[in-house]
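Enquirer: Pasted the sequence and its predicted model underneath.
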Amino acid sequence: MIDIQLIGLLNATLQAATLLFIAALGELITEKSGILNLGVEGMISVGAVTGFMTAINTENIFLAVLVGVLSSSIFASIHALVTVVLKQDQTVSGLILTILGLALSSLLGKNYVGRKLVTKLESVSSITEPSNIIEVLISQNIIFYLAVVLMISTSFVLKRTMFGRRLEAVGEDSKSSDSMGLKVAKTQFIATCVGGAFAGLSGVYLTLSYVPYWTDNMTSGRGWIALALVIFGGWKPYRTALGALLFGFLEALVPRLQTYGFELSPYIVKITPYVITILVLVILTIYKGGKTGAPRNIGVPFFRENR
Amino acid sequence: MRKSWAVGLIIISILTMACGGAADVDDYKAAFVYVGPADDGGWSQAHDVGRQFLVDETGIETAYTELIPEDATEFRTVAEAYIEQGYNIIFGTTFGYIDAMAEMAEEYPDVIFLHCSGYLSNDSNFGNYFGKMYQPRYLSGLAAGAMTESNKIGYVAAFPIPEVIRGINAFATGVKEVNPDATVEVVWTFTWFGPEEETQAANALIETGVDVLAQHQDSPSTGVVAEANGAKWISYNTAYGQEAAPGAFVTAPVWAWGPYYVDVVNSIIDGEFAGGAYWGGMDTGLVSLYDLSSDVPSDIADLISQRTDEIIAGDFDPPIVEEEFIDNVIGTVSP
C-alpha cells in the first residue's frame, strides 16, 4: 500500500519539477547574458494558452508544442526590445511582461476555458500504472525527457562552447566583452528569446499534460518559483535541476502528507521553497563572500557610449 | 350610478397621485463586482448568469466589473465610479469586499449594498446573502455513496472554514445514508482556485484508491483528474465544468442567484428592503442539485428526488456540523 503511494509521490514530483525546471533553465540562460527577466509567469501563460488553443483547433500535438514555444519566444522579444535595444529598466519591463502575459492569455483563452482536450501529451511508454521507480522513470511524456536533454546540453553549451563562453562574458562584463569585439546586444537578444522559448515549453507542458485544460491564471505563481529556483541553483543547470526536484517534491507532498495521515501543517511545507532559497542565499553570502553565482552585470543596461 | 363613477374617478386619481412618488424599475441601476472573470466557469460565472436573469425578469439596467481583487481599495474604486454614474444598488460577490462594503454603506446611505457570503449588515441599506449549499451537497453525497465501488470517496477542499466543513459533513451524511461502509477522505488545498494544487490533491486521493471525487474548489481540475483515472466526479458551482470531463461528471451542487436577485431588487423597488441577512435554501431555488448523469442507479435517483422534495417542503434538513468531521470522514479540520 505504502509502496503505491510512494510511486504516486515520485510521479507527481517529476511532473511538478519538469514544469518548474524548464522555465528556470530558460531564465538561467537569459540571466547568464546579464538580462533579468521577471516576466517568466507571463511567458509561461502565453505559451500555455497558445499551445492549448492550437491543440484544440488542429488536434496536432506537435504543432501545438511548436506554436506555444514560438509564441512565448516572440513574446519574450518584447522584453529584449525594451531592455536590450531601448536600454530600459529590466525590472519594470519584466514585471510588465508578467502582467501583460497574464492578461493577454486570459483574453486569448476566453473561449477555451474548461474545454476538453482531445489530444494531449501522452506517456512515451504503454505503462499506465507504474508499479516501481524504473517504470515511473520510463513512463513520463516526451517533454520530461526533453527537459533532461536540455539540462545536459545547456550545461555543455554554457561550459564548453564558444557561444556559452561569450554568453557568460557578456553577462559578467559587457563593456570588456564589447571591447573584445563580442556582439553584446545580439547575444542578449538571443538569450532573452531562448529564455522565452523555454518558458513556452514549460507552458505547453502545463496545459497539454500536467493540468490538461485551460483556465485563467493557470500558472498561479509557478513563474515566480522558477525565478527563485535560478537563485537556488546558483545559475548552474544541474543544481537548478536538483532544486526543481526538491521544490516539486514539496509541491507533491502538500496534499499527500494529508492522505498519509501526518499532522505536519501544509502551510509550513508550502513556505519551505522560499525559506530554502533565502537560506541558500544567506549561507552563500556568509561562506563564499557573496558569490551566489549571479552574473555580475545582471540588471545593468549596456550603453556603449557610457564608459 | 353617475355619482359612484365620480367617486371612483376621484379615488383613482388620488391613488395615482399617491403613487406618483413611488419608485419603479427605471429609478434603479444595479452594478455587480466580481472577484474572477465573468466567464470563469465557476463562482463568478454563476453570479453573472444571475445578473442576466435579473435583467430579463425586471428590465433593470445593470453593469459589471470582473477580476477585482479582494481588497478594500480596489473594491472602493470600482464602486465609487458606479455610484458617480448613478448606480444605486451595488452587489459585491466575494467575501473579501466585506470591510469596504460596510464602510461605504455608512458613507452612502442612499445606495444599497448587497454582499455575498459575508456576515455584516445593517437595518437600512446593507444586506448580506448566501445559500444553504449543504442541502444539495447532502444530495450529491447520496449519489457518491451509491457510485463508489472501492468504498473510498475523495474530497478536494479549499480552506478549513465553517462553510466548507459544513458542506463536507452534509456530503458525508448523504454518503453514509446509502453506503455505511464508505469513507470520505479530505485533502485541503488552501486555495479557492489553484489548478496545480487541485490537480495534485486529486491525484493524491486517486493514489489512495478513491473512485469518486468531490470538490469545494472553483476550477474543474478535480474532474480532469477523475476523467483521466476512470473515476467519477461531483462538481460544484455550475454545471459548465462538465465540458472538461464529460465522462466523469455525475452531478453538481449549483448556485442559481437569479431568483434571489429578482426578489431583492423587487423588494428594493417596493421600498420594503431593510438590510439584514438572507440565507436561502433549496426551497428558494438559490441552491440546487444539477441533473444526474445517466449512470446513477435509478433507485438512488428516486431517493434523491424524494429527499429533494422533503428538503423543499421543510420536512427534512441535513444536520449542520461545522466544528468537526462526522465519523465517516477521514481528515482533520485543523490541519
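Expert: Right, received. Where do you want to start?
Enquirer: so what's the backbone phi/psi at the closest residue to residue B:292 other than its chain neighbours?
Expert: The shortest distance from residue B:292 to any non-neighbouring residue, by CB to CB, 6 or more residues apart in numbering or on different chains, is to residue B:251 (4.9 Å). Bear in mind the C-beta positions are built from the backbone N, C-alpha and C, glycine included. For residue B:251, the backbone dihedrals (degrees, to the nearest 10) come out as phi -170, psi -180.
Enquirer: how near is residue B:251 to residue B:150?
Expert: Relative to residue B:150, residue B:251 is positioned 19 Å away (CB to CB, to the nearest Å).
Enquirer: same question, residue B:192
Expert: 28 Å.
Enquirer: and what of residue B:277?
Expert: Distance of residue B:277 to residue B:150, computed by CB to CB: 41 Å.
Enquirer: Please apply the same query to residue A:246.
Expert: Residue A:246 is 33 Å from residue B:150, by CB to CB.
Enquirer: what about those two, which has more around it?
Expert: A count of neighbours by other CB atoms under 10 Å in any protein chain shown puts residue A:246 above the other of residue A:246 and residue B:150, at 18 against 13.
Enquirer: Which helix or strand contains that one?
Expert: According to DSSP states H and E, residue A:246 maps onto helix A:237-260.
Enquirer: List the contacts of the residue in the stretch 151-300 of chain A positioned nearest to chain B.
Expert: Closest to chain B within the stretch 151-300 of chain A is residue A:255: 3.9 Å, counting by CB to the nearest CB. Going by CB atoms under 8 Å, 6 or more residues apart in numbering or on different chains, residue A:255 touches A:266, B:187, B:188, B:189, B:197, B:200, B:201, B:203, B:204, B:205.
Enquirer: average pLDDT for stretch A:219-234?
Expert: Averaging pLDDT along stretch A:219-234 gives 90.
Enquirer: Find out how far that stretch is from the centre of the chain, if you would.
Expert: 7 Å (CA atoms, centre = their mean, to the nearest Å).
Enquirer: Look at residue B:45 and report its pLDDT.
Expert: We have a pLDDT of 88 for residue B:45.
Enquirer: Go ahead and confirm it touches residue B:39.
Expert: Yes. In terms of CB atoms under 8 Å, residue B:45 counts as a neighbour of residue B:39; the distance is 5.5 Å.
Enquirer: the more surrounded of these two?
Expert: Taking other CB under 10 Å, residue B:45 and residue B:39 do not tie; residue B:45 has more neighbours (23 against 17).
Enquirer: The more buried one and residue B:241: what is the separation?
Expert: From residue B:45 to residue B:241 the distance is 10 Å (CB to CB).
Enquirer: The spatially closest residue to residue B:320 that is not a sequence neighbour is in what secondary structure piece?
Expert: Closest residue to residue B:320 apart from its sequence neighbours, by CB to CB, 6+ apart: residue B:166 at 5.7 Å. Assigned by DSSP H and E, residue B:166 belongs to helix B:162-178.
Enquirer: Show me which residues of that helix are buried.
Expert: For helix B:162-178, a neighbour-count test (16 or more other CB atoms under 10 Å in any protein chain shown) marks B:164-178 as buried.
Enquirer: tell me the mean pLDDT over the longest helix along chain A?
Expert: Longest helix in chain A by number of residues (criterion: DSSP state H): helix A:2-32. For helix A:2-32, mean pLDDT rounds to 90.
Enquirer: Can you name every helix or strand that it contacts?
Expert: Taking 3 or more CB pairs under 8 Å, 6 or more residues apart in numbering or on different chains; DSSP states H and E as contact, the helices and strands that helix A:2-32 lies on are helix A:40-58, helix A:133-138, helix A:142-160, helix A:162-172, helix A:184-205, helix A:222-232, helix A:237-260, helix B:195-207.
Enquirer: now those helices in JSON lines, with distance to residue A:301?
Expert: Listed next are these as JSON lines, based on distance: least, CB to CB, whole Å:
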{"stretch": "helix A:40-58", "distance to residue A:301": "20"}
{"stretch": "helix A:133-138", "distance to residue A:301": "44"}
{"stretch": "helix A:142-160", "distance to residue A:301": "23"}
{"stretch": "helix A:162-172", "distance to residue A:301": "13"}
{"stretch": "helix A:184-205", "distance to residue A:301": "10"}
{"stretch": "helix A:222-232", "distance to residue A:301": "20"}
{"stretch": "helix A:237-260", "distance to residue A:301": "25"}
{"stretch": "helix B:195-207", "distance to residue A:301": "35"}
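Enquirer: Of all the ones you listed, which one is nearest residue A:28?
Expert: Residue A:28 lies closest to helix A:222-232 among those, at 5.1 Å (CB to CB).
Enquirer: Pull up the residues of the stretch 201-307 of chain A that are close to chain B.
Expert: Contact residues (CB under 8 Å from any CB of the partner chain) of the stretch 201-307 of chain A with chain B: A:206, A:210-213, A:215-218, A:220, A:222, A:251-252, A:254-256, A:258-259, A:263, A:265-267, A:270.
Enquirer: circling back: nearest approach to residue A:118 belongs to which of the helices and strands packed on helix A:2-32?
Expert: Proximity to residue A:118, assessed across the helices and strands packed on helix A:2-32 by CB to CB, is greatest for helix A:40-58 (7.8 Å).
Enquirer: follow-up on the earlier one: state the distance from the residue nearest to residue B:320 to residue B:133.
Expert: In terms of CB to CB, residue B:166 sits 8 Å off from residue B:133.
Enquirer: Tell me, how many residues neighbour residue A:108?
Expert: For residue A:108, the count of nearby residues is 17 (other CB under 10 Å).
Enquirer: That one reaches residue A:53, doesn't it?
Expert: Yes. With contacts counted by CB under 8 Å, residue A:108 reaches residue A:53, the gap being 6.7 Å.
Enquirer: contacting residues for the closest residue to residue A:197 other than its chain neighbours?
Expert: Excluding its sequence neighbours, the residue lying closest to residue A:197 (CB to CB, 6+ apart) is residue A:73, at 4.0 Å. For residue A:73, the contacting residues are A:193, A:194, A:196, A:197, A:200, by CB under 8 Å, 6+ apart.
Enquirer: Quick one: those residues as JSON lines, columns for distance to residue B:123 and neighbour count too.
Expert: Putting these into JSON lines (distance: CB to CB, whole Å; neighbours: other CB atoms under 10 Å in any protein chain shown) gives the following:
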{"residue": "A:193", "distance to residue B:123": "62", "neighbour count": "22"}
{"residue": "A:194", "distance to residue B:123": "63", "neighbour count": "19"}
{"residue": "A:196", "distance to residue B:123": "57", "neighbour count": "35"}
{"residue": "A:197", "distance to residue B:123": "60", "neighbour count": "24"}
{"residue": "A:200", "distance to residue B:123": "56", "neighbour count": "33"}
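Enquirer: Give me the distance between residue A:40 and residue B:123.
Expert: 51 Å.
Enquirer: And residue A:126, by the same measure?
Expert: 67 Å.
Enquirer: Isn't residue B:177 up against residue B:139?
Expert: No. Contact between residue B:177 and residue B:139 fails when scored by CB under 8 Å: they sit 10.4 Å apart.
Enquirer: For residue B:237, give the beta-bridge partners.
Expert: Under DSSP bridges, the beta-bridge partners of residue B:237 are residue B:254.
Enquirer: what's it in contact with, if anything?
Expert: By CB under 8 Å, 6+ apart, the neighbours of residue B:237 are B:41, B:42, B:43, B:45, B:46, B:218, B:252, B:254, B:255.
Enquirer: Helices - which of those land there?
Expert: Per DSSP H, those map to helices at B:43, B:45, B:46.
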